[in-house]
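Colleague: using only what follows, build the 3D model:
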Amino acid sequence: MKNITLFVLIPSLAFGNSYSTSFPLTEAPISEGGKWVNGGTTGLDWTNINTTASTVAYGTITGAGGGYNDSTAVLQGYGPWGSNQSAAGVVYVTARNDAYDPEVEIRLNVTVAAHSITGYECNYSLRTAGIYSAIVRWNGALGNFTRLALTNTGLPELQNGDILSCQNIGGTISSYRNGVLINSVSDTTYTGGSPGIGVDLDETGCSCSTTYGFSSFSATDDVSQPPANLQTSVQ
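Modeller: Next up, the predicted model:
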């Protein structure tokens, strides 16, 4: 059973932004009152995140674009966000196919503009074998990215209800599964932007799937919050 703080926006005069949602609306793409921007609608070269009410935020990537046009949505609709950011998502997965190499992603310090996405991605594959998790820096143009850290041995299969989280504190970017550290790396290229989510499907010709994504999401730039439990808990 999931205990989740739903759809809450707490702005501040400077930093101290927090946001939490269980995606209560059915939207294509996700907006939640203009709070989200998407990789397809705004970025143009990527794809959007859609939502099924109170169930899942899922990707619309088809595998075109060389497998790099990840479905992307970030909280760029308000702010500004502080440079120190933490975000967490409860993973939703009801089916998986190793042939298509799907993954879910937590995003930090992301800025989406026409033909450009910059920022950081903490991903985890939804494979049953050959499982990997990485921290990636997006450098702007489609397909222009730098892998900063990678773990591809000894990782457990990501399960429905697992919490994938990521934090950037003073340029140290760390990713976690259920509060257990996976990767950590230092990079100070991007200090602006905002947090969000992504979904990838690295295979040409596949249609979008509602079988995996996130069932809830929380983010904050209040560094006193624990990175693996950002107002979201699973029991």
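
Colleague: who does the strand ranked longest in the chain pair with, and is each partner parallel or antiparallel?
Modeller: Scanning the chain for the strand with the most residues, using DSSP state E, yields strand 102-113. Strands that pair with strand 102-113, judged by DSSP bridges, come out as strand 116-125 (antiparallel), strand 194-201 (antiparallel).

Colleague: the chain: helices as residue ranges?
Modeller: For the chain, no helices turn up when DSSP state H is the criterion.

Colleague: before we move on, the earlier item: so which of the strands paired with strand 102-113 is the most surrounded?
Modeller: Compared across the strands paired with strand 102-113, strand 194-201 shows the largest average neighbour count, a mean of 28 (mean count of other C-beta atoms under 10 Å). For the C-beta atoms, the positions are set from N, CA and C on the backbone; glycine is no exception.

Colleague: who does the nearest residue to S86 once chain neighbours are set aside form a beta bridge with?
Modeller: Distance criterion C-beta to C-beta, 6 or more residues apart in numbering; nearest residue to S86, sequence neighbours excluded, is Q167 at 4.1 Å. Beta-bridge pairing of Q167 under DSSP bridges involves S86, S174.

Colleague: let me know the pLDDT of A64.
Modeller: Reading off the confidence values, A64 has pLDDT 62.

Colleague: same question for I10.
Modeller: Reported pLDDT for I10: 33.

Colleague: equivalent analysis for I49, please.
Modeller: I49 is given a pLDDT of 96.

Colleague: quick one: it from I135, how far?
Modeller: Distance of I49 to I135, given as C-beta to C-beta, to the nearest Å: 20 Å.

Colleague: those two: who's more crowded?
Modeller: More crowded of I49 and I135, by other C-beta atoms under 10 Å: I49, with 30 against 26.

Colleague: hey, what's the more buried one bridged with?
Modeller: G59.

Colleague: one step back: return the set of buried residues in the longest strand of the chain.
Modeller: 102-112 (16 or more other C-beta atoms under 10 Å).

Colleague: out of these, show me where the pLDDT dips lowest.
Modeller: P102 (88).

Colleague: any idea how far that residue lies from K35?
Modeller: 26 Å.

Colleague: poorly predicted segments of the protein, please.
Modeller: 1-15, 63-67, 77-79, 202-208, 223, 225-235 (pLDDT under 70).

Colleague: repeat the analysis, applying 50 as the threshold.
Modeller: Along the chain, segments meeting pLDDT under 50 span 1-14, 227-235.

Colleague: tell me how far the residue nearest to S86 lies from W81.
Modeller: 13 Å.

Colleague: do the same with A113
Modeller: 16 Å.

Colleague: also R177?
Modeller: 24 Å.

Colleague: the more surrounded of those two?
Modeller: Counted by other C-beta under 10 Å, R177 and W81 do not tie: W81 has more neighbours, with 24 against 20.

Colleague: residues contacting that one?
Modeller: 15, 17, 75, 192-195, 221 (C-beta atoms under 8 Å, 6 or more residues apart in numbering).

Colleague: swap the cut-off to 10 Å and go again
Modeller: 15-17, 19, 74-75, 108-110, 192-195, 219-221 (C-beta atoms under 10 Å, 6 or more residues apart in numbering).

Colleague: from those, pick the one nearest A149.
Modeller: Within the contacts of W81, the smallest distance to A149 is 13.6 Å, found for L108 (C-beta to C-beta).

Colleague: which residues does the closest one form beta bridges with?
Modeller: Y120.

Colleague: surely it touches T172?
Modeller: No - L108 lies out of contact with T172 (C-beta atoms under 10 Å); the separation is 11.5 Å.

Colleague: please consider this matter closed, and thank you.
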